[in-house]
Every structure is written in structure tokens, then in C-alpha cells.
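J.: Turn this into a structure:
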Amino acid sequence: MIVGIGVDVVDLARFERALGRTPGLRERLFADPERALPLRSLAGRFAAKEALMKALGETDGIRWVEMAIETDADGNPDFALSGRAAEIAARRGIGRIHVSMSHDAGIATAFVVAESV
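T.: Reported below is the predicted structural model:
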């Protein structure tokens with residue numbers, strides 16, 4: 001059963017300016033393995049994290065790095081939750097999170113579906 005859905009869109013130029021203007025933003029938003037990715041991949045992951053928070057329905061105490069996005073052996077993205085993000089997902093009975101990310105024409109977008117166990 002679907003517990004929540006979320007979608008988000010990020011303007012790549014605006015996102016690039018924010019990263020350049022704010023020291024430490026990359027470290028605050030992304031887990032270590034994510035940080036070296038190109039801008040468009042970072043923007044897609046940021047959109048996915050925003051979409052996940054909408055799907056979770058609760059964001060109190062969640063840190064951005066607790067919602068890391070990993071790639072499986074087939075190249076598909078998947079969330080690796082920890083800390084408060086994992087607690088909220090468990091309490092809400094979320095056992096599977098589906099994520100799709102895309103980028104084109106200066107925009108990154110992500111869609112998330114949170115499914116119960």
C-alpha cells in the first residue's frame with residue numbers, strides 16, 4: 001500500500017549558485033559518496049531528498065545526510081536511510097521507497113513513492 005508520494009524540481013543554475021555561494025552546503029546536503037558527483041546528479045539527489053521528505057509526511061529532526069542515495073548493481077537509485085529518517089520510515093511502516101530522478105534542459109526532477117511493508 002502507498003503510504004506517501006513526493007515530487008520535487010530543482011533549477012540547475014540556481015542550485016549551482018547556492019553551492020558556490022554557501023561554504024559547507026555540499027557537506028550538509030550530501031553523504032560522503034555523493035559529494036564527488038557532477039552537479040546535475042547532485043541536483044537530482046537533492047530533488048529526491050526533498051521528494052522523500054514529502055512522502056514521509058514528517059521532517060522534524062531529519063538531517064540531509066540521513067537520506068543518502070546509492071546506486072545498485074544495475075545502476076538504479078535507492079535510498080539508504082539512517083538516523084531520524086529511518087526512524088520515521090519505520091514508525092510509518094514504510095518498507096520500500098521507490099525513487100526516479102531525471103535531468104534535462106537545466107532542470108532536475110525526482111519522484112518518490114513510499115510503500116508499506
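J.: And for residue 101, the neighbour number?
T.: Residues lying near residue 101 (other C-beta atoms under 10 Å) number 21. Yep, even glycine has a C-beta here, placed from its N, CA and C like the rest.
J.: Look up which helix or strand it falls in, please.
T.: Using DSSP states H and E, residue 101 sits within strand 94-104.
J.: and that strand, what does it pack onto?
T.: Here strand 94-104 touches helix 39-56, strand 77-81, strand 107-116, going by 3 or more C-beta pairs under 8 Å, 6 or more residues apart in numbering; DSSP states H and E.
J.: Same list, the ones you listed, but as a markdown table with mean pLDDT please.
T.: Converted to a markdown table, the helices and strands packed on strand 94-104 look like this (pLDDT from 0 to 100):
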| stretch | mean pLDDT |
| --- | --- |
| helix 39-56 | 97 |
| strand 77-81 | 96 |
| strand 107-116 | 98 |
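J.: Using JSON lines, lay out the ones you listed together with distance to residue 25.
T.: JSON lines is the format used below for the helices and strands packed on strand 94-104 (distance: least, C-beta to C-beta, whole Å):
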{"stretch": "helix 39-56", "distance to residue 25": "10"}
{"stretch": "strand 77-81", "distance to residue 25": "20"}
{"stretch": "strand 107-116", "distance to residue 25": "16"}
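J.: Pick the most deeply packed of these.
T.: Highest mean neighbour count of those: helix 39-56, a mean of 23 (counted as mean count of other C-beta atoms under 10 Å).
J.: So for this protein, the centremost residue is which one?
T.: Centroid-nearest residue in the chain, with C-alpha atoms, centre = their mean: residue 49, separated by 2.2 Å.
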